[in-house]
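Engineer: quick one: sequence and predicted model below, then my questions.
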Amino acid sequence: GFTLPDDVRALARANHLAPIQDENKIVGWVPTAGELSVMLTDHLVSGAKLMQMDDGRVTYSFDGQPGSIAVHDFPVIEGVGGAAFVAQKDNPWGLKEGTVVVWFFTGGGKAPSVVLNQDAPLRIMVDAPNKISVAKTDTGLTLTSTDQTGLEIEKQNVELKQLYWQCGQNIYLNVNGYVEKEAKVLPTGLISEKEFDGLFHNLLMMVTARACLTKLNDVPDPFFPDLAVRNKVVFFDLDGKIHEYNIMIGGADNQGLELMMGFGYSVPSGMKYRALPIKETLSILEEYYNNSDVTASRQIDIDFATQDLGAPWILGKYINQNRELIVQLIEALKTGRGFPENVPEDFFLYVSQLDFMPGFVP
């Protein structure tokens, strides 16, 4: 079992679904890949009782009703979990009290959860002697119920392949005029038309790209443990595959002076920009990352260094020694193809400024 995310639990309560529990743990599993096992118990409402289990199917008996059969094994894709619930009185789907259903979701923990089949919970019970079977599809799974002669009674489909869920609940596609070539409908990509003079004026070249945050304060920064942090972002290729890279924010110049982190956010009059020490910046990033509002996004526009022309700090050689990889990444952000793979462990993108998506005001 596992602890059900609070937002999924609250949503279930609002829809009159009761989680099936065993020793205060939800009966279900959040997998990394493969199969979701929903181990059903006999602790159901409305007097439903467990009769027998055979070949992955569980038989229940309702008072005055014939036995019902439930399936508890589901093929799922990476990043998708699920949990079993019991429908209660006044549920919005008109299900019989005691009917066992499954919701599938992404996220959880610090990440906001997204229930993939909120409006159509998978009903995994059928009255005996009818049968149910589960089959994997390209984008999810299908549950089919048949009668004893094999005639199809009902088919339920669940779409599990929600693209770009790492970007949060509200996804902004890259459709502005600056993104080049064919990669114009991805949630990530190159924003600037070309490299531009950035931090330190003519000494550091930059580009702007849209990325999705996946980890915050991932590891201590080896150069500036108190003045910089390492995070992770992902970019998507045209097949929807993610490519994750380290980013560094913060730092100090050769005199030890902290480099303020710049960030921008939208206001009614346009964009507003601030520069803050790294600790305050990290606090705002955490607020943005953990935002559970329905309009929340994890997308950010980042200015990252592509070449150091003599900036007064110790990181120049680390940026320049990876110049070839950075040029490859820039081209991949333009086209959606050819992202650098198997980059060195110490490879990072130095970010001097980031902009939040519309709707977030720190």
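Structural biologist: Looks like it arrived, so ask away.
Engineer: buried residues in stretch 75-93, which are they?
Structural biologist: By 16 or more other CB atoms under 10 Å, the buried positions in stretch 75-93 come out as 76-77, 79-88, 91. C-beta: built from backbone N, CA, C; applies to glycine.
Engineer: now the strands for the stretch 151-300 of the chain?
Structural biologist: Counting by DSSP state E, counting those that start in this stretch, the stretch 151-300 of the chain has strands at residues 152-159, 189-190, 196-197, 204-220, 228-236, 242-250, 261-267, 270-276, 299-308.
Engineer: which residues touch the third one?
Structural biologist: Applying CB atoms under 8 Å, 6 or more residues apart in numbering, the external contacts of strand 196-197 come out as 204-207.
Engineer: and the pLDDT for the nearest residue to residue 243 once chain neighbours are set aside?
Structural biologist: Using CB to CB, 6 or more residues apart in numbering and skipping residues adjacent in sequence, the residue nearest residue 243 is residue 339, 4.0 Å away. At residue 339, the pLDDT value in this model is 97.
Engineer: then residue 18?
Structural biologist: Residue 18 is given a pLDDT of 83.
Engineer: so what pairs up with it in the strands?
Structural biologist: Beta-bridge pairing for residue 18 (DSSP bridges): residue 86.
Engineer: contacts only, for it.
Structural biologist: Contacts of residue 18 (CB under 8 Å, 6+ apart): 12, 45, 85-86, 88.
Engineer: make JSON lines out of the residues you listed and add distance to residue 99 and pLDDT.
Structural biologist: As requested, the contacts of residue 18 are exported to JSON lines (distance: CB to CB, whole Å; pLDDT from 0 to 100):
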{"residue": "12", "distance to residue 99": "14", "pLDDT": "91"}
{"residue": "45", "distance to residue 99": "10", "pLDDT": "53"}
{"residue": "85", "distance to residue 99": "9", "pLDDT": "85"}
{"residue": "86", "distance to residue 99": "7", "pLDDT": "83"}
{"residue": "88", "distance to residue 99": "10", "pLDDT": "87"}
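Engineer: tell me which two of those residues sit farthest apart.
Structural biologist: The span of the contacts of residue 18, defined through CB to CB, is set by 12 and 45 at 13.3 Å.
Engineer: pick out whichever of the two has more residues nearby.
Structural biologist: residue 12 (23 against 13; other CB atoms under 10 Å).
Engineer: what's the more buried one in contact with, if anything?
Structural biologist: Taking CB under 8 Å, 6+ apart as the definition, contacts of residue 12 comprise 4, 18-19, 85, 103.
Engineer: CA atoms of whichever helix or strand it is part of as CSV?
Structural biologist: In the assignment (DSSP states H and E), residue 12 maps to helix 6-14. The C-alpha atoms that make up helix 6-14 are tabulated as CSV, following Å, rounded to 0.1, in the frame of the first residue of the first chain:
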residue,chain,number,x,y,z
ASP,A,6,-4.0,14.6,-0.2
ASP,A,7,-5.5,16.2,-3.3
VAL,A,8,-6.6,12.8,-4.6
ARG,A,9,-8.1,11.9,-1.3
ALA,A,10,-10.0,15.2,-1.1
LEU,A,11,-11.3,14.8,-4.7
ALA,A,12,-12.5,11.3,-3.9
ARG,A,13,-14.3,12.5,-0.8
ALA,A,14,-16.0,15.2,-2.8
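Engineer: can you point out the buried residues in it?
Structural biologist: For helix 6-14, the neighbour count (16+ other CB under 10 Å) marks 7-9, 11-12 as buried.
Engineer: any weak-confidence spans in the stretch 101-250 of the chain?
Structural biologist: Within the stretch 101-250 of the chain, the set of residues satisfying pLDDT under 70 comprises 108-112, 161-162, 175-184.
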